[in-house]
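[1] quick one: sequence plus predicted model below, questions after.
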Amino acid sequence: MYGFTYSCVSIVRGSKGAKSDLTKHLEWLESTFETVFIAFDNDEPGQEATDQVMSLFRPGKAKRVILPAAFK
């Protein structure tokens, strides 16, 4: 509609397995996408997973998505 194309990649095992799941595909994510947006739940496990996943990427590559309170 607006001329943008977005890809979505899902994790397989929830927030506890997020770092492991994404580590397996890190080279592909780094080489394919200019920016990677990390959007997990705003609860404690989701935010812990976000921190872990963000640490996988080179500085500036990954961006944390903060969802509005209505999505908690």
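    Good, I have the coordinates.
[2] so for the residue most central in space within the chain, what's the pLDDT?
    The central residue of the chain, meaning the one whose C-alpha is nearest the mean C-alpha position (Cα atoms, centre = their mean), is I38 at 2.5 Å. I38 carries a pLDDT score of 94 in this model.
[3] all further residue positions should be reported with the first residue as 478.
    Happy to do that; since the first residue is 478 now, the last one works out to I515.
[4] let me see the contact set for it.
    With contacts defined as Cβ atoms under 8 Å, 6 or more residues apart in numbering, I515 is in contact with 527, 530-531, 539-542. Using the backbone N, CA and C atoms, a C-beta is placed for each residue, glycine as well.
[5] that one pairs with what?
    With DSSP bridges as the criterion, I515 is bridged to R541.
[6] on that earlier part again, which one of the contacts of I515 is nearest to G494?
    Minimum separation from G494 among these (Cβ to Cβ) is found for V530, which lies at 10.8 Å.
[7] check which helix or strand covers the closest one.
    Assignment of secondary structure by DSSP states H and E places V530 within helix 521-531.
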